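Peer 1: I would like to see how this sequence folds:
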Amino acid sequence: MAANGEAVKADNPNDTDKEIEAFTAHNQEVIDCQQQQIRRVQQEIKYEENKQELEKLNARLQEGPKAATTMPENNGGFTPGDEDIYRTKDYPHYRQYIHQIEQLPAELRLEELNRYLDYLLADRWTAHCNEKKSMEDTWDNQKAFLETQLGDHDNRVYNAWMDWMNCHKLGNKSDDEYLCRSDELLAQIGDEAKDHHWIQLMIFFKGLDQAMKQKIHGHPVFPNSYEDLVTLMKKLRPSIGTEAYLQTTTTNTGSSGRTSANVAKRNPRKPSMSVITKLHYPELSRD
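Peer 2: Numbers count the residues shown, from 1 in each chain. Here you go, the predicted structure:
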């Protein structure tokens, strides 16, 4: 009887189904892991295969935009940004990545984007397309998708507005660096900033250094556009540098003369030749 019972127990189909399910689940985990490893290896292989072509094109990029876009047919594209695979970091990194790919002809952008996309992002994009049945795999759609991966759009726009309104040209930064920072924040804000033309102009003007603001105030006509203001800045900046140098020289000379005069008053019987000579400098500077 026991033998028959064991046979019945062994033949129980429920136990067999559970074993099959467990075995299948385990196999699926192994398969998923292997697929991830395969994708990584494929990316490494692609990178190695295209390395020489990338180096050639990076050299072409240094020759100028025209050389970068006149590429032979079967090349490996160029590295967007650095040589790393693109992963979600922050908005400036995203903008730099997108900007460099947009230097390519439109028909090459999607291929270039997919070539350097991190495999996790690629999987998310595929899942997103499957979820949105009508979503097409296009450059504009992928670009918009990558932006959504940076976090909440409204929060980023709000923070960009605040940073932009408080953006100033620091003393150790050039006009071009200030302009670049302002453009970066405007790009992050998007069309909302473009709709406020005069506010955009005033905020940029407010952030300039005091010497430049005084120069622009003294100009006969205040610029009517962001572009005109930038052009006027570049025109006026050299004169500001010269005036600042002359003012500093005059101030230092006058200060030296006053100091020498005080020394002469304290030591009327022992005036040195250097003191007597320096006393003439203020007279010359006033002329």
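Peer 1: pLDDT weak spots in the stretch 151-287 of the chain?
Peer 2: Along the stretch 151-287 of the chain, segments meeting pLDDT under 70 span 152-153, 192, 195, 241-287.
Peer 1: which stretches of it form helices?
Peer 2: Taking DSSP state H, counting those that start in this stretch as the criterion, the stretch 151-287 of the chain carries its helices at 153-165, 175-189, 191-194, 197-206, 210-217, 226-266, 273-278, 281-286.
Peer 1: tell me how many other residues crowd residue 133.
Peer 2: Look at residue 133: counted by other CB atoms under 10 Å, it has 6 neighbours. The way it works is simple: take the backbone N, C-alpha and C, and place the C-beta from them, glycine included.
Peer 1: phi first, then psi, for it.
Peer 2: With angles defined as degrees, to the nearest 10, residue 133 sits at phi -60, psi -30.
Peer 1: show me the domain layout of the protein.
Peer 2: 91-151, 154-247 (the TED database).
Peer 1: I'd like these as a markdown table, with distance to residue 28 appended.
Peer 2: Converted to a markdown table, the domains of the chain look like this (distance: least, CB to CB, whole Å):
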| stretch | distance to residue 28 |
| --- | --- |
| domain 91-151 | 16 |
| domain 154-247 | 37 |
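Peer 1: residue 207 reaches residue 181, doesn't it?
Peer 2: No. With contact defined as CB atoms under 8 Å, residue 207 does not reach residue 181; the gap is 9.2 Å.
Peer 1: who touches both of those two?
Peer 2: Common contacts of residue 207 and residue 181 (CB atoms under 8 Å, 6 or more residues apart in numbering): residue 167.
Peer 1: and residue 20, what is it in contact with?
Peer 2: Residues counted as contacts of residue 20 (CB under 8 Å, 6+ apart): none.
Peer 1: start the count at 10, not 1, going forward
Peer 2: Got it, first residue is 10 now, which makes that one residue 29.
Peer 1: just give me the neighbour total for residue 42.
Peer 2: Residues near residue 42, counting by other CB under 10 Å, number 10.
Peer 1: same question for residue 169.
Peer 2: Residue 169 has 20 nearby residues by other CB under 10 Å.
Peer 1: I'd say it and residue 194 touch.
Peer 2: Yes. Using CB under 8 Å, residue 169 is in contact with residue 194, at 5.1 Å.
Peer 1: what's the distance between residue 214 and residue 222?
Peer 2: The gap separating residue 214 from residue 222 is 7 Å, by CB to CB, to the nearest Å.
Peer 1: neighbour-wise, which of these two wins?
Peer 2: Counted by other CB under 10 Å, residue 214 and residue 222 do not tie: residue 214 has more neighbours, with 17 against 13.
Peer 1: check contacts around the closest residue to residue 241 other than its chain neighbours.
Peer 2: Among residues not flanking residue 241 along the chain, residue 232 sits closest, at 5.4 Å (CB to CB, 6 or more residues apart in numbering). If you count contacts by CB under 8 Å, 6+ apart, residue 232 has them with 210, 225, 238, 240-241.
Peer 1: ok, residue 99 next?
Peer 2: residue 159.
Peer 1: need the pLDDT of it.
Peer 2: Listed pLDDT for residue 99 reads 77.
Peer 1: try the one 4 residues further on
Peer 2: pLDDT, the model's per-residue confidence, is 83 for residue 103.
Peer 1: tell me the secondary structure of it, please.
Peer 2: Three-state call for residue 103 (DSSP: H, G, I helix; E, B strand; the rest coil): helix.
Peer 1: that one and residue 155 touch, don't they?
Peer 2: Yes. With contacts counted by CB under 8 Å, residue 103 reaches residue 155, the gap being 6.3 Å.
Peer 1: list residues touching both of the two?
Peer 2: Common contacts of residue 103 and residue 155 (CB under 8 Å, 6+ apart): residue 97.
Peer 1: which residue is the nearest non-sequential neighbour of residue 100?
Peer 2: residue 197 (5.3 Å).
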